[in-house]
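In: generate coordinates for the sequence data below:
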Amino acid sequence: ANMSGIKVSKKALAQFEEMKKKRTHKFLIMGIEKEKVEVVDGKSGDKKVSPSYADFTKALCVPKKAQWGIIDYEMKMKDGSVKQKLVYISWCPDNAAVRTKMLHGSTTNTVKSKLGLDKGLQASVPSECEEELLQKKILA
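Out: Modelled structure (predicted):
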């Protein structure tokens, strides 16, 4: 159940669907704004700017800000094939305000279930967002 009562906004859902179906973005950054989950950064992950994984973590790992990063991740397999998966990183740094942390923590499951994301990482420091860790999750 969603303890916080915070829902994913219709606009954020529409932006996510577009990313999923039309692959307009490499990643989206979502956060809580005015008691709703919204896309707080849709520019950094736009396919037009050819974003890298480093761009993703830079946009996501902002001090004192709790956010969710959803990335359309492509991984080259040993046999040469490419595995593609939408995965998330739930970013909640230790220096975020207590209320911010509580709201983020109690809304994470809502974000995951609404967007249909099953694989991802929880991170409070940038080293927990490393690409290798995400790859391990995808293969698990």
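In: for the protein, give me the ranges with low pLDDT.
Out: Residues of the chain that meet the criterion pLDDT under 70 lie in 1-3.
In: now the helices: where do they sit in it?
Out: For the chain, the helices defined by DSSP state H occupy 10-22, 53-60, 98-115, 131-139.
In: and of the ones you listed, who's closest to Lys85?
Out: Of all these, helix 131-139 sits nearest to Lys85, with 5.3 Å by Cβ to Cβ. (C-beta placed from N, C-alpha, C; glycine too.)
In: report the buried residues of the closest one.
Out: With burial defined by 16 or more other Cβ atoms under 10 Å, the residues of helix 131-139 counted as buried are 134, 137.
In: got it, and stretch 12-28?
Out: 12, 15-16, 19, 24-28.
In: next: stretch 33-46.
Out: Per 16+ other Cβ under 10 Å, stretch 33-46 contains these buried residues: 37-42, 44-46.
In: how about residues contacting it?
Out: Outside stretch 33-46, the residues that touch it by Cβ atoms under 8 Å, 6 or more residues apart in numbering are 5-9, 11-12, 15-16, 24-32, 49, 51, 55-56, 58-59, 67-68, 71, 107, 110-111.
In: same thing but at 6 Å, please
Out: 6, 8-9, 12, 15, 25-31, 51, 55, 59, 111 (Cβ atoms under 6 Å, 6 or more residues apart in numbering).
In: picking up where we left off before, so which of the buried residues of stretch 33-46 is the closest to Gln84?
Out: Of these, the one sitting nearest to Gln84 (Cβ to Cβ) turns out to be Gly45, at 15.3 Å.
In: and Met30, how close does it get to Gln15?
Out: According to Cβ to Cβ, to the nearest Å, Met30 stands 9 Å off from Gln15.
In: can you check Ile138 too?
Out: 23 Å.
In: equivalent analysis for Asp118, please.
Out: 20 Å.
In: report the separation between the residue of the chain most remote from its centre and Lys36.
Out: Going by Cα atoms, centre = their mean, the residue of the chain most distant from its centre is Asp79, 28.0 Å out. Separation of Asp79 from Lys36 (Cβ to Cβ): 43 Å.
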